[in-house]
Structures are given as C-alpha cells and as structure tokens.
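Colleague: When you get a sec, could you give me coordinates for this:
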Amino acid sequence: MYYAWVMALAPGDFQGDSLAYLGIAARMKEGSFDLASYNYLRGLAYPWFLSMTWGSNGFWTYFIQAALFLTSLWLALRVLALDSLYGLLPIGAAMIPAVAFLQRQIYPDGILVSLTLLYLVCIARRRWLACVLLGLILAATKIMFVFLLPLTLAMYILDRKLIRSALVVRAAVVGLALIPLLAVLAAYVFVDLGYMVIFARPHSHGYAVERLIAPSGLTVQCGGGEHDVPIGELYLDPITVPHPVAPYGPLTRERAEALGCGRDDLRSLKWRLIKSGFAADPALHIRLAARHFATALTGGYDVGHVSYILRMRELAWRTHYDQRSYFEPVEVEWLPRLRGNGFEIPAPGPSPLFALNGFSARAGESMIRWAAIGLLALSLAVGRRRGVLSVVGRDAANIAIVAFLVAYSGLVSLLGPFVYDRYTYVNLLCLCILAARLAAQTVGTTSGKIEREPPELSRQG
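Modeller: This next block holds a predicted model:
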C-alpha cells in the first residue's frame with residue numbers, strides 16, 4: 001500500500017537523462033535505432049524495457065518497476081536477511097520516500113537496485129546460471145555492472161573449491177594493488193567521464209578550475225594545426241554546472257568546428273587535460289576519490305537527486321494548486337469571516353509524504369545508515385566473542401555482499417564526477433541487509449553458539 005501511495009502521488013522526472021532514455025526508446029519502437037548510435041552512458045536494456053512496457057501512459061513501466069523491486073526485496077529478506085526480525089532495518093531503508101520514489105523515475109537505477117538484490121539472492125542460493133544472466137542484464141543496463149561477471153566466476157571457484165582459498169586471497173590483494181592502473185585505464189577508455197571526474201569533481205568540492213588549468217589557457221591541436229585558446233574563452237559550463245559529459249571538452253561546439261576539431265582531436269585533447277589536471281594536484285584527486293569511495297560504501301551521497309525531485313513536486317503543488325483550489329470563489333470570500341467567528345474550515349494540504357521526504361533527507365537516512373553500521377559492529381563483536389567469525393566469514397552471501405559494496409563503490413569513485421543518491425541507494429539497502437544477516441547469524445542465535453556449518457552456509461542446490 002505504501003508503494004502504491006508513492007506511485008500515485010506525483011510523476012517522476014521528465015528532464016535530462018529521462019528525455020534521453022525516452023528518445024532512445026522511441027527510436028527502438030519505430031525501428032530506427034541502430035547500434036552505431038549506442039551510447040555507453042545510456043546502455044541498451046533500459047531503453048528497450050521502456051519501448052516494450054510504456055504503452056500510452058507508462059502505467060506498466062512503473063508497475064513492473066515497483067513490483068520487481070518489492071519481489072526482490074521480499075526474496076532478499078527471506079534468503080539474505082534469513083527471515084529474521086533484523087529484516088526491519090532493510091524494510092526501513094526501502095520505505096525512505098526517495099527510495100520508493102526511485103521506482104517512479106525514468107532512470108535505470110530502480111531496475112538496477114532490484115536486479116542487484118536478485119543477483120545476491122542467486123549467489124546465496126548458488127544459482128550460477130541465473131547469476132550470469134542477471135550480470136549480463138545489469139551490464140547491458142549500466143556498463144559498470146560488468147564487474148558482476150568476474151565476481152560470479154570468483155564466487156563459483158570459491159564455492160566449488162577449484163583452487164585454494166589462499167590463492168583467491170592473494171589474487172584479491174593483487175587486484176587491490178592494481179587499482180591505480182584500473183583508474184588510468186578507465187579514464188582512457190571512458191575519456192568523457194574521466195574529463196568530468198578530473199575537473200567537475202574538484203569544482204563541486206569548492207576548488208577553483210584555475211588550480212587545474214594553466215592561467216595562460218590551452219594550446220589545442222585540431223585540424224592539423226595548433227591553436228592558442230585563452231582561459232577566458234574556454235567553455236567551462238559543463239564543469240561549473242552539473243552536467244553528465246562535455247562532448248567538446250573545454251570548447252563550445254561552434255569553436256570546435258571552427259578550429260576543425262575532429263572526434264580523435266577532441267579525445268586527444270581531453271586525455272591530455274586529464275593527465276595534466278591530475279598532475280597539477282595528485283593528492284587532491286586521490287583524497288576526493290577516497291572520500292567518494294567511503295561515501296558510496298555506506299550508501300551516502302553528495303547530491304540528493306531523487307529527494308530533490310520530490311521536493312520539486314511539492315513546490316509545484318504549492319505554486320499551481322493550493323488549499324483554496326477546493327473551494328468556490330464565494331466560499332473563499334467567506335473563509336476569513338468564518339475564521340473570525342471561530343469556525344476554521346480545513347482543506348487538504350500537500351501530501352504528508354512530502355514532509356516525510358524532508359525529514360528523511362535531513363535525518364532519517366542518516367539514522368538508518370548509522371543503525372546499520374552499529375548493528376554490523378555489534379554483530380562482529382558478538383561473533384568474535386562466540387568464536388564464529390571464521391564461519392560467518394566463509395558465508396558465500398556475506399562475501400558477495402561485501403565484494404559488491406567494495407567493487408561498486410570503487411567504480412563510482414573512479415567514474416562518477418558526483419555521487420547521486422540514485423547511484424548509492426542500492427548500497428544502503430545492501431548494507432542494511434548485510435547487517436541484518438550478520439545479526440541473525442551471531443546475535444540472533446538461540447544457543448549462543450552457531451554450528452560450524454550452519455544451515456544458511458550449507459549448499460542449497
């Protein structure tokens with residue numbers, strides 16, 4: 001009922017990325033879309049989903065998104081949270097207005113949350129083919145989720161004991177050591193995102209762009225020649241104003257065309273700026289990446305996008321549709337006189353969900369996040385006292401959830417100029433589910449000591 005109320009409250013966002021997804025979906029419906037126009041920032045699966053489910057008004061799109069999320073959450077509570085009382089924590093996270101409203105958006109993030117929960121359920125149940133299929137769908141929806149495929153392979157190897165655990169640990173250590181190389185490779189392959197990370201992220205944290213670009217401006221190599229562009233003539237709006245990418249780097253489209261800049265020229269320009277921008281202050285970029293990693297790991301964010309959309313809907317209601325809209329003109333005239341005689345005539349105001357959204361953005365989400373962290377700490381302390389941490393640490397679902405949180409947060413910190421709430425609500429839910437699971441395995445055991453191979457750790461087909 002709560003999700004039905006949220007779905008019926010207000011429409012989602014129809015600007016920016018939403019328009020882009022609907023545009024791709026429209027081309028898919030009419031058969032004019034081709035893979036040559038594929039954009040890795042958009043993916044293929046979600047526009048296809050929109051083209052198949054939207055119909056005339058989007059009812060089935062929103063219905064399927066909400067139903068899929070509620071189904072995946074129910075399965076996660078049963079399988080991952082072990083159907084315990086501690087499952088109230090992830091339920092509380094799912095009832096955050098912005099988390100619920102995420103399923104009312106034309107963004108892939110709602111689907112991504114649902115499919116990620118299903119993926120972790122399949123890991124716990126050891127349904128390996130389902131894990132591969134879900135990994136492929138998630139990667140086709142958002143390319144960074146391709147890491148789920150090697151994660152599935154690693155979990156399969158661990159489960160089947162195909163190699164010694166010590167080798168897996170060593171491989172994980174080597175993988176961590178290769179993170180700097182991964183960062184360089186990611187910036188080179190996804191040069192548009194790398195450019196925004198190097199320049200837009202520092203600016204969003206209060207650092208002037210001039211700290212990363214020489215005051216004299218740039219020398220641009222385009223059209224077979226070199227051109228000097230003073231810093232005052234650079235186009236920095238994509239950096240100073242939140243923007244997904246900068247297709248022409250620090251140039252306007254008109255300036256790039258006038259200089260004869262081709263696609264390879266612009267890519268070379270951005271890659272050169274990425275290297276010089278990082279070299280200008282390496283400690284700054286490492287510090288900001290570490291900060292974003294820690295923020296994402298705990299389900300936090302810098303930009304409350306979905307909660308802001310709800311706030312916009314509230315402001316639109318107050319602007320275009322106030323309480324007096326329910327009364328006839330003559331009744332409006334009588335309201336002050338009746339109030340003066342002690343008869344207040346109430347009228348419905350904005351939905352209480354708007355007020356709940358404001359409280360959640362200010363304090364509610366932080367309360368749930370700290371409750372999850374506190375429950376995790378308590379579970380680890382009790383597990384250590386009872387001598388069961390080694391058993392809990394070998395649990396496939398626990399390993400998979402932790403690996404997902406670390407890997408996904410790392411990719412967000414490497415490829416995301418900003419940490420939006422819709423990127424990391426999946427982390428908040430996973431953190432709450434992990435806390436609930438560990439609490440059920442340690443604090444919640446009836447005997448005070450769990451078995452060496454408890455039921456939830458045994459092979460489940």
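Colleague: which residues touch the residue lying closest to P247 once chain neighbours are set aside?
Modeller: In space, and not counting its chain neighbours, P247 is closest to D192: 7.0 Å by Cβ to Cβ, 6 or more residues apart in numbering. Glycine gets a C-beta too; all of them are placed from N, C-alpha and C. Residues in contact with D192 (Cβ atoms under 8 Å, 6 or more residues apart in numbering) are 41, 245-247, 270.
Colleague: Out of the residues you listed, which is nearest to A280?
Modeller: The nearest member of those to A280, counting by Cβ to Cβ, is K270 at 15.3 Å.
Colleague: Return the list of helices and strands in contact with the helix or strand hosting the closest one.
Modeller: Per DSSP states H and E: K270 is located in helix 263-280. In terms of contacts (3 or more Cβ pairs under 8 Å, 6 or more residues apart in numbering; DSSP states H and E), helix 263-280 is packed against helix 179-189, helix 191-204, strand 218-222.
Colleague: in the helix or strand just after that helix, what's buried?
Modeller: Sequence order places helix 282-297 as the next helix or strand after helix 263-280, per DSSP H and E. Neighbour-count burial for helix 282-297, with 16 or more other Cβ atoms under 10 Å as criterion, is recorded at 284-285, 288-289, 292-293, 295-297.
Colleague: Same question for stretch 75-89.
Modeller: Here stretch 75-89 shows 75-77, 79-82, 84, 86-87, 89 as buried, counting by 16+ other Cβ under 10 Å.
Colleague: Start and end of that stretch, how far apart?
Modeller: Using Cα to Cα, to the nearest Å, one end of stretch 75-89 lies 15 Å from the other.
Colleague: just how off-centre is that stretch within its chain?
Modeller: 22 Å (Cα atoms, centre = their mean, to the nearest Å).
Colleague: quick one: average pLDDT of it?
Modeller: The average pLDDT for stretch 75-89 rounds to 96.
Colleague: Show me what that stretch is in contact with.
Modeller: Under Cβ under 8 Å, 6+ apart, the answer for stretch 75-89 is 90-91, 117-118, 120-121, 124-125, 368, 371-372, 375, 397, 401, 429, 432-433, 435-437, 439-441, 444, 456.
Colleague: at 6 Å what do you get?
Modeller: 117, 121, 124, 397, 432-433, 436-437, 439-440, 444, 456 (Cβ atoms under 6 Å, 6 or more residues apart in numbering).
Colleague: tell me the pLDDT at the closest residue in space to V306 that isn't next to it in sequence?
Modeller: Leaving aside its sequence neighbours, V306 sits nearest to A98 (Cβ to Cβ, 6+ apart; 4.1 Å). Listed pLDDT for A98 reads 94.
Colleague: winner for burial among the helices and strands packed on helix 263-280?
Modeller: helix 191-204 (a mean of 23; mean count of other Cβ atoms under 10 Å).
Colleague: Can you show me the CA trace of that one as PDB?
Modeller: Coordinates of each C-alpha in helix 191-204 appear next as PDB, following Å, rounded to 0.1, in the frame of the first residue of the first chain:
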ATOM      1  CA  VAL A 191      37.500   9.700 -21.600                       C
ATOM      2  CA  ASP A 192      34.400  11.800 -21.300                       C
ATOM      3  CA  LEU A 193      33.800  10.600 -17.700                       C
ATOM      4  CA  GLY A 194      37.500  10.900 -16.900                       C
ATOM      5  CA  TYR A 195      37.500  14.500 -18.000                       C
ATOM      6  CA  MET A 196      34.500  15.300 -15.800                       C
ATOM      7  CA  VAL A 197      36.000  13.500 -12.800                       C
ATOM      8  CA  ILE A 198      39.300  15.400 -13.100                       C
ATOM      9  CA  PHE A 199      37.600  18.800 -13.400                       C
ATOM     10  CA  ALA A 200      34.000  18.800 -12.200                       C
ATOM     11  CA  ARG A 201      34.500  16.800  -9.000                       C
ATOM     12  CA  PRO A 202      37.100  19.200  -7.600                       C
ATOM     13  CA  HIS A 203      35.000  22.200  -8.500                       C
ATOM     14  CA  SER A 204      31.900  20.600  -6.800                       C
END
